[in-house]
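Peer 1: please find the sequence and the predicted model below.
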Protein chains: 2
Amino acid sequence: MNIGIIGLGLMGASFAKRLSPQKDKTIYGIDQNKQTIQTALELNIIKEGSTDPGKLIKKCNLIILALYPTMIKPWIVENQQYLESGTILMDISGVKTNIVEPVQAILRKDLELISIHPMCGRESRGINFAQADIFDNANYIIVPTNKNTPTAIEAAKQLGKDLRVKNISILSCEEHDRMIGFLSQLTHVIAVSLMNTHDNSHLVEYTGDSFRDLTRIATINEDLWSELFLLNKDILLDEIDQFLDATKHFRDSLEKEDIDEMKRLFIQSTNRRKLFNK
Amino acid sequence: MNIGIIGLGLMGASFAKRLSPQKDKTIYGIDQNKQTIQTALELNIIKEGSTDPGKLIKKCNLIILALYPTMIKPWIVENQQYLESGTILMDISGVKTNIVEPVQAILRKDLELISIHPMCGRESRGINFAQADIFDNANYIIVPTNKNTPTAIEAAKQLGKDLRVKNISILSCEEHDRMIGFLSQLTHVIAVSLMNTHDNSHLVEYTGDSFRDLTRIATINEDLWSELFLLNKDILLDEIDQFLDATKHFRDSLEKEDIDEMKRLFIQSTNRRKLFNK
């Protein structure tokens, strides 16, 4: 099996690190940056690499698109001409509706894009932070559309197993984007907004684990996340508005000194949170 | 040194666990609940215990008030008659302005209350969850007023050393309550409100560490925290309002697709959060 990884950033290089030791696989790497290719070759996580997709991707029967989301469609437009008939492509982008359907609409009929989302990452970017074990505790979501075949869905499942992810599941684009809007995007908006509430540098020495845990994800790749947010704008705005309503309701209960309502809200959050204990 | 711990809940019993093995100290425990006294005796973390303060507290030269905040003043009114002249009292409540000054105002002139706040705790309550090592990573804040003597401040410092806390510092009541309003109370409001945003039980299987980290403190003792919030109401309302403004500003930047402003906010939060890395 020849796998082409397009983009050797944090995620693409982590794929290469995890998959390259597996005997039935040969990994090829494409990146815009020559130094990144050089690093991947030195790490021995790709067999060959190039800044020019045309030379290498025709050898591959699986392409993993580890690009920034908005770069996926332009990449397909430019490079699908080089792919062999029957090649399966998988994107790993963090939002789906506005990525998968537009790409499937322009894809050659003898190619197939099946979308996956391994839910893992790091606050840092680039090949130097890549780690094979990033997948160990990850939820891995396959996001098929009505254009996908059982063969491609099976290939996506097999890749999840090869990555040794914790859990594999299947969601529609809309279910995926709604879930991500709440669990991931809204939480990042909250952490970022908390850090931006006011200057807080004088409070560092008093900070405990609760505040650190809550704000860890306020360290964020601004280029990637502004793209992801815009691509999921309607859902995310709705989630933010629901959160603002819940916070305002708590605020008003405090202002009115409605202690019964405050306690009801605490008990509800405590009960809901218990479900999320590991 | 004879130390009377008033209230053998999670915090009071943790004090007893940490201090009772120290040879220069004898620990006495007071609690409303006979079973709790019995448990403390079986754990060998108090020498004697009683539900009746009058019998024991006259033996003590240090009293640690590990009571719910609103119970402190009534306890003083009822029981200060039993204390020997020169006894030092320390409350450990999580807010200060509305506790310390009212108590100091009614305290016998031959007694002294010096306020401390060991910043540690657990989501669970009661003696059965008490642990000596709860103090190991704690910030310990001494909160003196103009009524306090150098002797009492020194005793509070010594207690912090005896508890083997990580860090001892001194703040005014107002500085303390402002710091707690942001770092602790606002973060709890956020975690609780996020859990209360909408039903989310169907999302449990997709949840990663970020969401778990952010919502851990949504498991909350509703009796204690509703008291703490009401006692710091004005400051907390101001902090919530500033956070709501920051979140709304982010929301509006997303709605307008103002990508430059979103990136600026991400970069600001990233830079601020870096200061909080351990």
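Peer 2: Now that the structure is in, tell me what you want to look at.
Peer 1: give me the contact list for the longest helix seen in chain A.
Peer 2: Using DSSP state H, we find that the single longest helix of chain A is helix A:233-255. Helix A:233-255 is contacted by residues A:177-178, A:181-182, A:185-186, A:189-190, A:229, A:261-262, A:265, B:189-190, B:192-194, B:196-198, B:229-230, B:233, B:236-237, B:240-241, B:243-244, B:247-248, B:250-251, B:254-255, B:257 when judged by C-beta atoms under 8 Å, 6 or more residues apart in numbering or on different chains. The way it works is simple: take the backbone N, C-alpha and C, and place the C-beta from them, glycine included.
Peer 1: just the buried members of those?
Peer 2: By neighbour count, with 16 or more other C-beta atoms under 10 Å in any protein chain shown, the contacts of helix A:233-255 hold A:177-178, A:181-182, A:185-186, A:189-190, A:229, A:261-262, A:265, B:189-190, B:192-194, B:196-197, B:229-230, B:236-237, B:240, B:243-244, B:247, B:250-251, B:254 as buried.
Peer 1: tell me the mean pLDDT for stretch A:153-166?
Peer 2: If you average the pLDDT over stretch A:153-166, you get 97.
Peer 1: before we move on, what about stretch A:2-16?
Peer 2: 97.
Peer 1: ends of it, how far apart?
Peer 2: Separation of the first and last residues of stretch A:2-16 by C-alpha to C-alpha, to the nearest Å is 12 Å.
Peer 1: ok, stretch A:179-194 next?
Peer 2: Stretch A:179-194 has an end-to-end distance of 22 Å (criterion: C-alpha to C-alpha).
Peer 1: centre of the chain to that stretch, how far?
Peer 2: 14 Å (C-alpha atoms, centre = their mean, to the nearest Å).
Peer 1: equivalent analysis for stretch A:249-268, please.
Peer 2: Counting by C-alpha atoms, centre = their mean, stretch A:249-268 is centred 36 Å from the centre of its parent chain.
Peer 1: over to stretch A:63-72?
Peer 2: 11 Å.
Peer 1: and the stretch 51-200 of chain A, which residues reach chain B?
Peer 2: Where the stretch 51-200 of chain A comes near chain B, counting by C-beta under 8 Å from any C-beta of the partner chain, the residues are A:119-120, A:137-139, A:141, A:167, A:169, A:179, A:182-184, A:186-200.
Peer 1: from those, which ones fall inside strands?
Peer 2: A:Met119, A:Asn139, A:Ile141, A:Asn167, A:Ser169 (DSSP state E).
Peer 1: how about those residues in TSV, adding neighbour count?
Peer 2: Output for these, formatted as TSV (neighbours: other C-beta atoms under 10 Å in any protein chain shown):
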residue	neighbour count
A:Met119	22
A:Asn139	20
A:Ile141	24
A:Asn167	13
A:Ser169	13
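Peer 1: and which of the residues you listed is nearest A:Arg212?
Peer 2: Nearest to A:Arg212, judged by C-beta to C-beta, of these is A:Met119 at 21.7 Å.
Peer 1: ok, that closest one to A:Ser201 distance?
Peer 2: Between A:Met119 and A:Ser201 the computed distance is 32 Å (C-beta to C-beta, to the nearest Å).
Peer 1: same question, A:Glu78
Peer 2: Per C-beta to C-beta, A:Glu78 is found 46 Å from A:Ser201.
Peer 1: same question for A:Ala246.
Peer 2: Distance, A:Ala246 to A:Ser201, by C-beta to C-beta: 29 Å.
Peer 1: who has more neighbours out of those two?
Peer 2: More crowded of A:Ala246 and A:Ser201, by other C-beta atoms under 10 Å in any protein chain shown: A:Ala246, with 21 against 8.
Peer 1: strands of chain A, start to end?
Peer 2: Here chain A has its strands, by DSSP E, at A:2-6, A:26-30, A:48-50, A:62-65, A:88-91, A:112-113, A:115-119, A:139-143, A:167-170.
Peer 1: want to throw those strands into JSON lines with distance to A:Thr270?
Peer 2: Formatted as JSON lines, the strands of chain A follow (distance: least, C-beta to C-beta, whole Å):
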{"stretch": "strand A:2-6", "distance to A:Thr270": "44"}
{"stretch": "strand A:26-30", "distance to A:Thr270": "47"}
{"stretch": "strand A:48-50", "distance to A:Thr270": "51"}
{"stretch": "strand A:62-65", "distance to A:Thr270": "41"}
{"stretch": "strand A:88-91", "distance to A:Thr270": "39"}
{"stretch": "strand A:112-113", "distance to A:Thr270": "43"}
{"stretch": "strand A:115-119", "distance to A:Thr270": "26"}
{"stretch": "strand A:139-143", "distance to A:Thr270": "24"}
{"stretch": "strand A:167-170", "distance to A:Thr270": "26"}
